[in-house]
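Visitor: Based on what follows, work out the 3D shape:
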Amino acid sequence: MVRPYTVTRGRTRPSDRYAIDLMSRVTALDTDAAGSGVDHAGAALLELVRRGPRPVAEPAADADLPLTVVRVLLGDLAEAGLVRIDPPHRAPAGGAAADPGLLREIVDRPREI
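Guide: Below is the predicted model of the structure:
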């Protein structure tokens, strides 16, 4: 077992250029590139991202790595031009997701079962 801090070389945050949270969307930019110069953990994470655009939480869970490690590795992959990290899509305020009746139904429905 390799300690997480050795995978990230002691870093606990990605570069300041990237704000990466659980719902940030990560997309592989060149699915055919071998990712030369990327270490084993980064290459494994890149392979997970190549499956298609995904929120950061999904490859973090699939890689079985702590989120802080995945954020650092994704930042490294973005710096290398291998992935793009987009901010999460937010629902507009006041839309259907903010309907109090719908929210009440979501809370009450499991209680009926």
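Visitor: Tell me where this structure has helices.
Guide: Residue ranges of the helices in the chain, as given by DSSP state H, are 4-7, 40-49, 57-63, 67-79, 100-112.
Visitor: quick one: which of these has the weakest pLDDT on average?
Guide: When the helices of the chain are ranked by mean pLDDT, helix 4-7 comes last with a mean of 59.
Visitor: hang on, the earlier thing: okay, the helices of the chain, which one's buried deepest?
Guide: Burial among the helices of the chain, expressed as mean neighbours by mean count of other Cβ atoms under 10 Å, is greatest for helix 67-79, which shows a mean of 22. C-beta: built from backbone N, CA, C; applies to glycine.
Visitor: Give the other helices and strands that that one contacts.
Guide: Under the contact criterion of 3 or more Cβ pairs under 8 Å, 6 or more residues apart in numbering; DSSP states H and E, helix 67-79 touches helix 4-7, helix 40-49, helix 57-63, strand 83-86.
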